[in-house]
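*Asks:* Make a model of this:
(4 chains)
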Protein chains: 4
Amino acid sequence: MAAAAEKQGDGVCERLKQACPEDWGAYTGHAFVRGLGDGSLAEPCFRWYLAQDYLFLIHFARAYALAAFKSDNLDDLRQATATLDALINSEMQLHLKYCAGWGLSEGEMAALPEAEQNLAYTRYVLERGLAGDLLDLLVALAPCVLGYGEIGRALLADPSTRLEDNPYLDWIEVYGGGEYQEVAAAARAQLERVARARLGDDPSASPRWPALAATFRSATRLEVGFWDMGLAPPAAFGGA
Amino acid sequence: MAAAAEKQGDGVCERLKQACPEDWGAYTGHAFVRGLGDGSLAEPCFRWYLAQDYLFLIHFARAYALAAFKSDNLDDLRQATATLDALINSEMQLHLKYCAGWGLSEGEMAALPEAEQNLAYTRYVLERGLAGDLLDLLVALAPCVLGYGEIGRALLADPSTRLEDNPYLDWIEVYGGGEYQEVAAAARAQLERVARARLGDDPSASPRWPALAATFRSATRLEVGFWDMGLAPPAAFGGA
Amino acid sequence: MAAAAEKQGDGVCERLKQACPEDWGAYTGHAFVRGLGDGSLAEPCFRWYLAQDYLFLIHFARAYALAAFKSDNLDDLRQATATLDALINSEMQLHLKYCAGWGLSEGEMAALPEAEQNLAYTRYVLERGLAGDLLDLLVALAPCVLGYGEIGRALLADPSTRLEDNPYLDWIEVYGGGEYQEVAAAARAQLERVARARLGDDPSASPRWPALAATFRSATRLEVGFWDMGLAPPAAFGGA
Amino acid sequence: MAAAAEKQGDGVCERLKQACPEDWGAYTGHAFVRGLGDGSLAEPCFRWYLAQDYLFLIHFARAYALAAFKSDNLDDLRQATATLDALINSEMQLHLKYCAGWGLSEGEMAALPEAEQNLAYTRYVLERGLAGDLLDLLVALAPCVLGYGEIGRALLADPSTRLEDNPYLDWIEVYGGGEYQEVAAAARAQLERVARARLGDDPSASPRWPALAATFRSATRLEVGFWDMGLAPPAAFGGA
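*Replies:* Predicted coordinates for the structure are as follows:
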């Protein structure tokens, strides 16, 4: 049902994006993203982004642990546990290998202070999840998972994306690739399911909708801030 | 609107009670309650109940603090803060004075271990509030506030209630009296407001309703357990 | 170091047990446990216990999810995630198979109301973890993991345990067996590590110790309540 | 004892500040603060700061509600409730009146999006409190309460502070004045008490100290970010 709804453009995720089209566009079409696509992004920016992303992933994993705690049925508990396990035991390991290729060691990254935009984003998501219920938490998490899937897919499909000699091609291929697209699809399906279980078959008609849309928009803006951060590496990372 | 809805018997609270009529009846018509009404309750039972109620109030206050934290607007934040403040600075003081009249000192009560039924109830409410959102928490809190108001009012109105030489008359007059009835009415109004803000104008038609009704029923059964506990004081309180 | 400390009897777990020897003895030497050992436990008691244990495991898994959220370093996050994953994807599956052998289906167990002693225990642990920090949570979880390990090992080692025609022998072999003993050892090691990281090398000299010992004792008493529950199955389970 | 300890410069608050002297100096001696002192701060900066501070206070009040929930004794519960009540029913009302004098209505401020630096700070504090225990939360709250007290007192005592025709004199007098100094002293005393109850008489010797000092430092840096935000009002507030 959720899949069918998506096709018709009226899935929960589509409606959330449609409620903040400018912010969503600012996120998925950010200068950082365009710099990945044409390979023009300055290396210090990417390395700074990668290092902060390492710190981000730890709190993102904690957010899925929180989702597991907040689950009120075994399906949600299993789905959140699977995502948590994948983040900790697979994605973080891949990320570390990838970072090593860019000259970043785990010790170095673990010792970095979190940039304010990084901290703002992760703590917003965690606090939203603690103050609200599982649905509030999943909506706060959605821009990251769904957005990265959308960005990766769009870059791969875009004929203007530089495929040769693009130092960021492997990043694009990871997020545009089949494995990550499945992760994003599972997250999308869980959000649809949890939303409909609480809001019914016409989620955006629920009186809770404006608050959920506001959460989604805030998290999307915090993703924009994360890209902004990437464009402004500190001196220690070769920034101005 | 909420008041009007109540009159027509379709307020959120009415619907929650109608979803578990046997449990609600077992709670509001418990042998402990009847023993208060006709004055036949054994004194050790009442003293044991009072002492456990002291410990209960601390966690109940914490639950309203949690409601304040979970509020997403100033009205709810103020209402929860007012209830918390009243519990800490007024109700607990009255309770202590009242307990002193029954020979129970604060030190003595604070040193008691919580009875399992007491602990089960308060931790259930707190955990429900933390795992869910403000509405889940207020529904878990509702049986206590509303039930005591209903019990007090019913005992006062019941011609078979013994008014002379009933050692429990002041308890009945507190919960049946105007001041407590106002507290219960404010709690009921907040629950109506928060429920309608999340579920719309026909709350029991929301897909969330079964889960909320289950929470209300669990908390009601835990109130039954609390009265059961009262009827079984330990030897140190003069029990068998 | 933790292992060495344990050998000398001054590990955190040993000290916690020594702080409530009577409660610990009432738990590990409970009539339910003795009935498992000599095979005399009535079948309705065991089936009722198994069914409630299914509901228990869900909340126990949620508690490890909470521990993952509350972790402030990757080691603790990984350890809690591993336990959560093992509970959800291995222990619960084994439990379901085992229950099926006793004629209990997942649907049947999922539909049961939680017994009050069950609910009291799990909500106590979860709430303690939310109100306190990771150490408070791990201490509240400790009586279950460590106690089952100790009970299983003791039953296996006890010459008076009936090994032939004991319907509960597989239960004893699971908890006394190597795999579960490793789980318990890992939980014990994590508790030692987290405790020493917060309390220093002489944990019971810390001013936090009395509160931690009180938490451990409360959880131990709630385990006693769980066995008590097992001995009193409802009529639907063949109880009196 | 706490007061005596303070005098000797070895109170918990003093030690926390001494653990991050540069950050503490950057906060208490920020250009925004100097602009308040000599009256040179541009009005758009101050109005923007005030409006964001309104949003800040709501979440700050929620943090004290959280502290009330996390309290494990009546003293801490009462202290946190008193602060929450004062914030909601006194400080916020004063703030609103004061803002009205600067042409800012409650409706206007409530409709503003939170600036990222504002959101980062409040969510950091709340999440720290939820992941940790009461001490972690109070340490995260400390830079705000203590810093404002210190800033107000220092500005009042500084001969170079402009007292005539300084549009910000009333702000200085509020935070440097006796009433706020008492609030700060009560917060400091509670932090001392809670810290010593968990860490003992030499708090900075506890293995928990580095984590607490890191929390204090992060919150202090987030205060610096808040002043930075004040210096960069958006166009709608008359910024560049």
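*Asks:* Please count neighbours and contacts with C-alpha atoms only from this point.
*Replies:* Fine.
*Asks:* For chain A, what lies in contact range of chain B?
*Replies:* A:69-71, A:130-134, A:196-200, A:206-208 (CA under 8 Å from any CA of the partner chain).
*Asks:* Contacting chain C as well, which ones from these?
*Replies:* A:69, A:70.
*Asks:* Report the buried members of the residues of chain A next to chain B.
*Replies:* Buried members of these, scored by 16 or more other CA atoms under 10 Å in any protein chain shown, are A:69-71, A:130-134, A:196, A:198-200, A:206-208.
*Asks:* Could you list the buried residues of stretch A:176-192?
*Replies:* Those would be A:176-177, A:180-181, A:183-185, A:187-192, for stretch A:176-192 by 16+ other CA under 10 Å.
*Asks:* meant to ask about stretch A:95-108, not that
*Replies:* A:95, A:96, A:98, A:99, A:104.
*Asks:* host element of the third one?
*Replies:* Taking DSSP states H and E as the definition, one finds residue A:98 inside helix A:92-101.
*Asks:* does chain C sit close to the next helix or strand after that helix?
*Replies:* Later in the chain than helix A:92-101, the nearest helix or strand by DSSP H and E is helix A:106-110. No - interface with chain C: helix A:106-110 contributes nothing (CA under 8 Å from any CA), its closest point being 9.8 Å away.
*Asks:* Can you give the contact residues for helix A:106-110?
*Replies:* With contacts defined as CA atoms under 8 Å, 6 or more residues apart in numbering or on different chains, helix A:106-110 is touched by A:51, A:52, A:54, A:55, A:96.
*Asks:* next SSE after that helix?
*Replies:* Using DSSP H and E, the first helix or strand after helix A:106-110 is helix A:116-131.
*Asks:* Give the rounded mean pLDDT of stretch A:128-142.
*Replies:* For stretch A:128-142, the mean pLDDT works out to 97.
*Asks:* Give me the distance between the two termini of that stretch.
*Replies:* End-to-end distance for stretch A:128-142: 13 Å, by CA to CA, to the nearest Å.
*Asks:* gap between the closest residue to residue A:228 other than its chain neighbours and residue D:155?
*Replies:* Nearest non-adjacent residue to residue A:228, counting by CA to CA, 6 or more residues apart in numbering or on different chains: residue A:32, 7.6 Å away. According to CA to CA, residue A:32 and residue D:155 sit 43 Å apart.
*Asks:* Which of the residues in the host helix or strand of the residue nearest to residue A:228 are classified as buried?
*Replies:* Remark: residue A:32 resides in helix A:31-37, with elements defined by DSSP H and E. Buried residues in helix A:31-37, counted by 16+ other CA under 10 Å: A:31, A:32, A:33, A:34, A:35, A:36, A:37.
*Asks:* Reformat these as TSV; add distance to residue B:91 and pLDDT.
*Replies:* Shown next, in TSV, are those (distance: CA to CA, whole Å; pLDDT from 0 to 100):
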residue	distance to residue B:91	pLDDT
A:31	59	98
A:32	58	98
A:33	59	98
A:34	62	98
A:35	63	98
A:36	62	98
A:37	64	98
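*Asks:* Can you name the residues that contact the closest residue to residue A:160 other than its chain neighbours?
*Replies:* Excluding its sequence neighbours, the residue lying closest to residue A:160 (CA to CA, 6+ apart) is residue A:38, at 7.4 Å. For residue A:38, the contact set (CA under 8 Å, 6+ apart) comprises A:160, A:161, A:162, A:166.
*Asks:* Mind checking which residue lies nearest the centre of chain A?
*Replies:* What sits nearest the mean C-alpha location of chain A, by CA atoms, centre = their mean, is residue A:144, with 1.6 Å.
*Asks:* what about residue A:161, how many residues close to it?
*Replies:* 19 (other CA atoms under 10 Å in any protein chain shown).
*Asks:* For residue A:224, see how far away the residue in chain A that chain D sits nearest to is.
*Replies:* Scanning chain A for proximity to chain D using CA to the nearest CA identifies residue A:120 as nearest, at 3.9 Å. Computed as CA to CA, the residue A:120 to residue A:224 distance reads 12 Å.
*Asks:* swap in residue A:89?
*Replies:* From residue A:89 over to residue A:224 (counting by CA to CA), the distance is 27 Å.
*Asks:* between these two, which one's more packed in?
*Replies:* Comparing residue A:89 with residue A:224 by neighbour count (other CA under 10 Å), the higher total belongs to residue A:224, at 23 against 14.
*Asks:* next structured bit after the longest helix anywhere in chain A?
*Replies:* The longest helix of chain A (DSSP state H) is helix A:43-70. As assigned by DSSP H and E, the chain's next helix or strand after helix A:43-70 is helix A:74-86.
*Asks:* helices and strands around that next one, which ones?
*Replies:* helix A:43-70, helix C:43-70, helix C:74-86 (3 or more CA pairs under 8 Å, 6 or more residues apart in numbering or on different chains; DSSP states H and E).
*Asks:* List the contacts of the closest residue to residue A:104 other than its chain neighbours.
*Replies:* Excluding the flanking residues, the one nearest residue A:104 by CA to CA, 6+ apart is residue A:51, at 7.3 Å. Neighbouring residues of residue A:51 by CA under 8 Å, 6+ apart: A:99, A:104, A:109.
*Asks:* before we move on, back to that, pick out whichever of the contacts of helix A:106-110 sits closest to chain C.
*Replies:* residue A:55 (10.5 Å).
*Asks:* That closest one reaches residue A:111, doesn't it?
*Replies:* No - between residue A:55 and residue A:111 there is no contact under CA atoms under 8 Å: 9.5 Å.
*Asks:* Please say which of the two ends up with more neighbours.
*Replies:* Neighbours per residue, other CA under 10 Å: of residue A:55 and residue A:111, the larger number sits with residue A:55, 20 against 9.
*Asks:* wait, what's in contact with the more buried one?
*Replies:* A:109, A:110, A:114 are the contacts of residue A:55 under CA under 8 Å, 6+ apart.
*Asks:* what about it, distance to residue D:210?
*Replies:* For residue A:55, the distance to residue D:210 - CA to CA - is 19 Å.
*Asks:* One more: residue A:48?
*Replies:* For residue A:48, the distance to residue D:210 - CA to CA - is 26 Å.
*Asks:* Which one's more surrounded, those two?
*Replies:* residue A:48 (23 against 14).
*Asks:* My guess is that one contacts residue A:230. True?
*Replies:* Yes - the pair residue A:48 / residue A:230 is scored as a contact, 6.1 Å apart, by CA under 8 Å.
*Asks:* Quick one, which of the helices and strands packed on helix A:74-86 gets closest to residue B:23.
*Replies:* helix C:43-70 (21.2 Å; CA to CA).
*Asks:* roughly how far out does that closest one sit from the chain middle?
*Replies:* 9 Å (CA atoms, centre = their mean, to the nearest Å).
*Asks:* Ok, stretch A:200-208 next?
*Replies:* 24 Å.
*Asks:* same deal with stretch A:121-128?
*Replies:* 13 Å.
*Asks:* which residues are in contact with that stretch?
*Replies:* Taking CA under 8 Å, 6+ apart as the rule, stretch A:121-128 contacts A:56, A:59-60, A:63, A:66, A:136-137, A:140-141, A:219, A:222-223, A:226, D:119-120, D:123-124, D:126-127.
*Asks:* ok, now with 6 Å
*Replies:* Here stretch A:121-128 makes contact (CA atoms under 6 Å, 6 or more residues apart in numbering or on different chains) with A:63, A:140, A:222, D:123, D:124, D:127.
*Asks:* now residue A:76: how far from chain C?
*Replies:* 11 Å (CA to the nearest CA, to the nearest Å).
*Asks:* cool, residue A:72 as well?
*Replies:* Relative to chain C, and taking CA to the nearest CA, residue A:72 is found at 9 Å.
*Asks:* State the phi and psi torsions of that residue.
*Replies:* For residue A:72, the backbone dihedrals are phi -110, psi 20 (criterion: degrees, to the nearest 10).
*Asks:* Any idea how many residues pack against it?
*Replies:* Using other CA under 10 Å: residue A:72 sits among 17 other residues.
*Asks:* How much space separates it from residue C:58?
*Replies:* In terms of CA to CA, residue A:72 sits 9 Å off from residue C:58.
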